[in-house]
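Engineer: Model the structure of this input:
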Amino acid sequence: MKVSVNNKEMEVEPQTSIQTLTRLLLLPDKGIAIAVNNQMIPRTNWDDYLLTENVQVVIIKAACGG
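Structural biologist: The predicted structure is shown next:
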């Protein structure tokens, strides 16, 4: 199924969780936040939150500085 990750279309398997997506994208364990359709998803829900066709996923990476 197709999902959009940071405005880039990506193909994932049905029933893909946010946690699985982070592994597929080789994202770090810490320092990121994820929103689905403009709603922040708490890290504690990543294993249970299943992506659906055509959702918009935004991955935000923490940056140092001020």
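Engineer: Tally up the residues packed near the residue lying closest to Leu24 once chain neighbours are set aside, please.
Structural biologist: Closest residue to Leu24 apart from its sequence neighbours, by Cβ to Cβ, 6 or more residues apart in numbering: Val12 at 7.1 Å. Any C-beta I mention is one placed from the backbone N, CA and C, and that applies to glycine too. The tally of other residues near Val12 (other Cβ atoms under 10 Å) stands at 18.
Engineer: And for Leu21?
Structural biologist: Leu21 sits with 21 neighbouring residues when counted by other Cβ under 10 Å.
Engineer: Check Ile34 too.
Structural biologist: 22.
Engineer: Quick check: bridge partners of it?
Structural biologist: Following DSSP bridges, Ile34 is listed with bridge partners Ile59.
Engineer: who touches it in this structure?
Structural biologist: Ile34 makes contact with 18, 22, 40-41, 46, 57-60, according to Cβ atoms under 8 Å, 6 or more residues apart in numbering.
Engineer: Kindly recompute the last result at 10 Å.
Structural biologist: By Cβ atoms under 10 Å, 6 or more residues apart in numbering, Ile34 lies in contact with 5, 18-19, 21-22, 27, 40-43, 45-46, 49, 57-60.
Engineer: now it: how far from Leu50?
Structural biologist: Separation of Ile34 from Leu50 (Cβ to Cβ, to the nearest Å): 13 Å.
Engineer: On the three-state scheme, Thr20 is what?
Structural biologist: helix (DSSP: H, G, I helix; E, B strand; the rest coil).
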